[in-house]
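> Give the three-dimensional model of this entry:
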Amino acid sequence: MLGNAKVATRLPAKDLNRARAFYSEKLGLEPVEERAGGLRYVCGGSEFALFVSAGTQSGTHTQMGWEVEDIEATVRELRARGVEFEEYDLPGLKTVNGIAEIAGNYPSKGVGERGVWFRDSEGNLLGIGQPVRT
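Numbers count the residues shown, from 1 in each chain. A predicted model of the protein is given here:
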């Protein structure tokens, strides 16, 4: 039943206008639809929505991610728009200029992944990945 269903991410926002501005100005994304308390976006064949929430975002794990073909070009473009990327120096996860080299991946995706993370205006932790193919 769920195997044929579309998957859509939902991200909380305390201030929907602030979030809309961030996604527009920093990420170049515009909602395709809106309703009271919510904005819906489409990226490729996927969708996500921002919704007004009084809850607190944990920001301790990646809540949504994009897969790109050229992570360096994507990072350059987003930095030029003012996106600030997380820097990590942890056992097993070290970033260089914001980009981490990650060992291993799902076999259909490749042998590894390169990844970056940043926070939106509401504190949601978002990621971008580029599969490493042999």
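> use CA for all of it now, contacts and neighbours both
Will do.
> what about the helices in this protein?
Along the chain, the stretches classed as helices by DSSP state H are 16-25, 71-80.
> buried set for the last one?
The neighbour-count check on helix 71-80 (16 or more other CA atoms under 10 Å) flags 71, 72, 75, 78 as buried.
> can you check the first one too?
Within helix 16-25, the residues that qualify as buried are 16, 19, 20, 22, 23, counting by 16+ other CA under 10 Å.
> Angles on the backbone of the nearest residue to the last one once chain neighbours are set aside, please.
Read it as residue 23. Here the nearest residue to residue 23 in space, its sequence neighbours aside, is residue 29; by CA to CA, 6 or more residues apart in numbering that works out to 5.4 Å. According to degrees, to the nearest 10, the main-chain angles of residue 29 amount to phi -110, psi 140.
> Burial check on residue 29, number of neighbours?
Neighbours of residue 29 under the rule other CA atoms under 10 Å: 15.
> I'd like to know how far it sits from residue 67.
Taking CA to CA, to the nearest Å as the criterion, residue 29 is separated from residue 67 by 16 Å.
> do residue 109 as well
11 Å.
> Then residue 5?
When distance is defined by CA to CA, residue 5 is 20 Å away from residue 67.
> Over to residue 95?
Taking CA to CA, one finds residue 95 at 18 Å from residue 67.
> Specify which residue of these two has the higher count of neighbours.
Neighbours around residue 95 and residue 67, counted as other CA under 10 Å, are more numerous at residue 95. The numbers are 19 against 14.
> got the contact list for that one?
Applying CA atoms under 8 Å, 6 or more residues apart in numbering, one finds that residue 95 lies in contact with 87, 88, 89, 101, 116.
> Before I go, just wanted to say thanks for your time.
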